[in-house]
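K.L.:
Sequence first, predicted coordinates after that:
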2 protein chains.
Amino acid sequence: MESQKKYIQLDEKDNVLVALQDLQKGQPIHWKNESFALIDDIPAKHKFFINDIDEDGDIIMYGVLVGKTQHKVLKGSWMNTENVHHAAEPYYYRNVNYHWNKPDVSKFTDKTFNGFHRSNGDVGTANYWLFIPTVFCENRNLDIIKESLYTNLGYSVTDKYKEYTADILESYKNGEDIHSLSISINQPTPQKEKRVFKNIDGIKFLNHQGGCGGTRQDSEVLSNLLAAYANHPNVGGITILSLGCQHLQSHDLVENIKSKNQNFDKPILVFEQQKTQSEEFLIAEAIRQTFIGLIELNQTSRKPAPISKLCVGVKCGGSDGFSGISANPAVGYTADLLVALGAKVLLAEFPELCGAEQNMIDRCENETIAKKFIHLMQTYDAQAHAVGSGFFMNPSPGNIKDGLITDAIKSTGAAKKAGTSPVVDVLDYTEPATKPGLSLVCTPGNDVEATTGKAASGATLILFTTGLGTPTGNPVCPVIKVATNTQLATRMSDIIDIDTGTIIRGEKTIEEVGEEILEFCIKVASGEITPKAVQLNQDDFIPWKRGVSL
Amino acid sequence: MESQKKYIQLDEKDNVLVALQDLQKGQPIHWKNESFALIDDIPAKHKFFINDIDEDGDIIMYGVLVGKTQHKVLKGSWMNTENVHHAAEPYYYRNVNYHWNKPDVSKFTDKTFNGFHRSNGDVGTANYWLFIPTVFCENRNLDIIKESLYTNLGYSVTDKYKEYTADILESYKNGEDIHSLSISINQPTPQKEKRVFKNIDGIKFLNHQGGCGGTRQDSEVLSNLLAAYANHPNVGGITILSLGCQHLQSHDLVENIKSKNQNFDKPILVFEQQKTQSEEFLIAEAIRQTFIGLIELNQTSRKPAPISKLCVGVKCGGSDGFSGISANPAVGYTADLLVALGAKVLLAEFPELCGAEQNMIDRCENETIAKKFIHLMQTYDAQAHAVGSGFFMNPSPGNIKDGLITDAIKSTGAAKKAGTSPVVDVLDYTEPATKPGLSLVCTPGNDVEATTGKAASGATLILFTTGLGTPTGNPVCPVIKVATNTQLATRMSDIIDIDTGTIIRGEKTIEEVGEEILEFCIKVASGEITPKAVQLNQDDFIPWKRGVSL
Ligand SMILES: [Ca+2]
Ligand SMILES: [Ca+2]
Ligand SMILES: [Ca+2]
Ligand SMILES: [Ca+2]
Ligand SMILES: [Ca+2]
């Protein structure tokens, strides 16, 4: 891509171009052998038509159908929600012999990362102790334990704000005017240096809103999810807090955890509130016994492992009109490198595969998984329609403002982040990824529901592309934030790790950036770089609740 | 009820008796003019049959159908999930002229409570500043602000646990054995004495998991819920944190808040992360500007108001076999007193009205609200059936172990807590209660979804009965915990406020305890007693999500 290009065609079949900068009405566009003037202002990241198109005509982007015109539109005019609506090709299984050109991985074949080796052969990218409530009733107790352990063991990130608030309070008590107060925030000692247990990257808490009062199916799915987290390679020990009368009983959860791994050997501590003399005693004992567990867990340390031991989720959230041009293709190249190196890659967010289904189906390694994918997509969309919604409702106000005006436009750009390798497996929510290569995982597009599901299927790193800037992290899986544009990377530097705006400006190729992202992943997996979301303790966890509350 | 009674018949039509103590097989039962021996052990709170009943025979409790036999059962045998399944009478609208005998309220007619008077005439039982996230992406930022404000302004309840953890750490560093460590927990200074702002009872946080990624309907319901909380009589000021790209836009939320009250005059501060230079700056500014708001809010103080200004939700959770005999009827009497005094009472938990529908319908003041109730019940149950569940699935393992073996048994006992007054209104989720008297509010039975919904409809106190002990509280509405039995009240004294076990032992009448509960309510509403859940900062908040994730 040449430097400072003003607009771009993403595929030669496309009948719309993407503005790379704000373009003014009247500006001449030189395209193929002709010239025409824009008849609307086109905001950067938005699209304009290169032909007159009649009512109900096809809109082609990334070489596929992404929408239909609502009325006749003119060459040089702006594509928006008033003149285009969502449309996508029907999809079906067909026996395609998909051929994949592996990228050159010679630079990486000898590389390793320093991870935590577990007894079942898994290798973690971090070492966490995990607290799990069987039911929302225990969330407050977990919050108290969290604050107590974080403050004392060096995992807290609130110190600078507590100090800042104390400074305001002091000024107030001295009779100063808070309106015009200028107080600077002192940057604290990095977490790593404060840690009492140097080999424990954190103590994490899976507060949730389930475990009782929903359907039995909800309880079962939640149990599978929590069991998957207990079995996650980044988890070295578990404390369970249970009320007692809830649907999800603690002994069922413990059995479920153990059933997923024949060699399960992590310490599990269980505390039952209704069997305990007081809440205070429950909390104190949970703290004390966990402390003993932490002393033990701190004996583990990082050791080299091949890249093939990585399991990387790819995710987009707060997407903008550049997501499908810079960050997603770059992460897609990283995904291809990982697959070529024998690692696992997970793509989820099924509502955002709407419009990209045929491509995914054609890449499936066999008919069984292709049909599983079709079944999961259709069941999910049917559920959405049953409550008066549908996949086509996915784009958010932020997406639309930024030019992602139909779900198919969002989807075709979104699918780029999974690269081009064959699909080796299709997993329903909470099913573990077991095969090297690219697997599809059924989750919602909702950022946190999706990252929650990827970690459950085994992701030990997540590459998360964003155009608008979202803070999403995960309790057990480090999330690396990849900006689609430099403006965002600069403005929200406290949540962004990697900038792919260099691709938009033509300074670097997609492949160059893709390799840099892999280098970054290896450093994160080895504990040498701590991604922003991890530094911030951004531990988002939202179980996907498909049922009805009772 | 005579002292130390061993079993009881709840209604003269019943063909089962309830054991008030553990009864042994072989024990003689003297009933009416005959005697028979128990042929099973009957655990306390469980029921036994007083007739032989053929297969598919009716089980009558509280005078209504609550189940059917699965096979022939014998007199003196134990009723359990193996021999009985859920059944309830069909219900329909019929024009009944319901006559209510008001209780004697002469003791209370001159009483007042000291509350916070708002400009629209509402009177709060507490004075809170409220933080609202438009989307789950802001939850971490809220957690940090919460810890900073709580620590500095005297609202923290974690100090004793932080100190305890520090003591463990010190022992560990000194090489002591943590296994055999005996460390006592120091009881901290009561919150009230530590407070910087004496007229502000707390700063509350509505962390939630919505605002994006769901259906448009979900966003709308969430917006109504958050707007209802902003308008709650116990809320004096609001800070909103917004990411930017989410479905629930902050300006829509602010408009929704203002649309619910023509005279809306509470301060609202709004912070947009994607428009802010950094997360750090966002957090610091939110803290500083809220601090200024708190200085202002602290000028408000408590003033006398009539009892008619109270709005009391009645709730049961972690129910046991005594719930329908002690705590629920006592709270029901309190509810009748409140209605007779012109106050509002809210009954919710619609899945737990299954089996009690006809009674509620007959008490409805007009056909319109009766039909609204029928419609809401049928729609809800149909949704549950659509996902393979149903109201009959409501009882939890804790309920069943304690003798609440069908939903109708749970429901008929549960409905007792609403007393006997006419139903003046039926409200869908988030609709405000506007009429004095008893209103039904459509919510799930899930403890926290139900309390969340009651506070949204305007409850300024919640009476929460429990047999097994659940910690549930609410961010803006004080929750008073009423134990059905003394054993629980003693064992979990750190979460229970009132013991109604005196009724089981025949020491007090339902009416005596009901009046004591009203006295207690008045003291809580005046800030003279702080209920346990409030002392513990048990601020549970779970929006009811009816839709599908996208
Ligand atoms: Ca996405
Ligand atoms: Ca998003
Ligand atoms: Ca209940
Ligand atoms: Ca319950
Ligand atoms: Ca608790």
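P.N.:
Cool, got the structure. Please read all numbers here as calculations on a predicted model, not as lab measurements. Ligands and ions are numbered 1, 2, ... in the order given.

K.L.:
what packs against the helix or strand containing residue A:221?
P.N.:
Assigned by DSSP states H and E, residue A:221 belongs to helix A:216-230. Applying 3 or more CB pairs under 8 Å, 6 or more residues apart in numbering or on different chains; DSSP states H and E, one finds that helix A:216-230 contacts strand A:128-133, helix A:250-259, helix A:447-456. Bear in mind the C-beta positions are built from the backbone N, C-alpha and C, glycine included.

K.L.:
can you give me the angle the helix or strand just after that helix makes with strand A:128-133?
P.N.:
Using DSSP H and E, the helix or strand that follows helix A:216-230 in sequence is strand A:235-242. Inter-element angle recorded for strand A:235-242 and strand A:128-133: 20 degrees (by axes from the mean of the first three to the mean of the last three CA atoms, to 10 degrees).

K.L.:
what distance separates strand A:235-242 from the middle of the whole chain?
P.N.:
Remark: strand A:235-242 is offset 24 Å from the chain centroid, using CA atoms, centre = their mean, to the nearest Å.

K.L.:
circling back: what's the closest of the helices and strands packed on helix A:216-230 to ligand 2?
P.N.:
helix A:447-456 (4.8 Å; CB to the ion).

K.L.:
and the angle for the closest one with helix A:216-230?
P.N.:
Computed by the same axes, to 10 degrees, the angle separating helix A:447-456 from helix A:216-230 equals 60 degrees.

K.L.:
from the helices and strands packed on helix A:216-230, which stretch is densest packed?
P.N.:
helix A:447-456 (a mean of 28; mean count of other CB atoms under 10 Å in any protein chain shown).

K.L.:
how far away is the residue nearest to residue A:424 when sequence neighbours are not counted from residue A:488?
P.N.:
Using CB to CB, 6 or more residues apart in numbering or on different chains and skipping residues adjacent in sequence, the residue nearest residue A:424 is residue A:437, 3.6 Å away. Relative to residue A:488, residue A:437 is positioned 31 Å away (CB to CB, to the nearest Å).

K.L.:
okay, now the residue of chain A found nearest ligand 4: neighbour count?
P.N.:
Nearest residue of chain A to ligand 4 (CB to the ion) works out as residue A:212 at 5.8 Å. Neighbourhood size, residue A:212 [other CB atoms under 10 Å in any protein chain shown]: 28.

K.L.:
what does the one 5 residues further on give?
P.N.:
For residue A:217, the count of nearby residues is 16 (other CB under 10 Å).

K.L.:
Repeat that for residue A:491.
P.N.:
Neighbourhood size, residue A:491 [other CB under 10 Å]: 18.

K.L.:
Check the spacing between the closest residue to it other than its chain neighbours and residue B:285 real quick.
P.N.:
Counting by CB to CB, 6+ apart, residue B:277 is the residue found nearest to residue A:491 once chain neighbours are left out, at 6.5 Å. When distance is defined by CB to CB, residue B:277 is 10 Å away from residue B:285.

K.L.:
State the helix or strand in which residue A:265 lies.
P.N.:
With DSSP H and E as the criterion, the answer for residue A:265 is that it lies in no helix or strand.

K.L.:
So it is in contact with residue A:119, correct?
P.N.:
Yes - counting by CB atoms under 8 Å, residue A:265 touches residue A:119, with 5.3 Å between them.

K.L.:
intersection of neighbour lists for these two?
P.N.:
By CB atoms under 8 Å, 6 or more residues apart in numbering or on different chains, residue A:265 and residue A:119 have no common neighbours.

K.L.:
What residue, apart from its backbone neighbours, is nearest the residue of chain A closest to ligand 4 spatially?
P.N.:
That would be residue A:246: by CB to CB, 6+ apart, it lies 3.9 Å from residue A:212.

K.L.:
Assumed the one you found was part of a strand.
P.N.:
No - when classified by DSSP: H, G, I helix; E, B strand; the rest coil, residue A:246 is found to be coil rather than part of a strand.

K.L.:
For the stretch 101-250 of chain A, which segments are assigned as strands?
P.N.:
Secondary structure of the stretch 101-250 of chain A (DSSP state E, counting those that start in this stretch): strands at A:112-117, A:123-124, A:128-133, A:202-205, A:235-242.

K.L.:
Please name every helix or strand in contact with the last one.
P.N.:
Looking back up the chat, that one is strand A:235-242. If contacts are counted by 3+ CB pairs under 8 Å, 6+ apart, strand A:235-242 sits against strand A:128-133, helix A:250-259, strand A:268-272, helix A:279-297.
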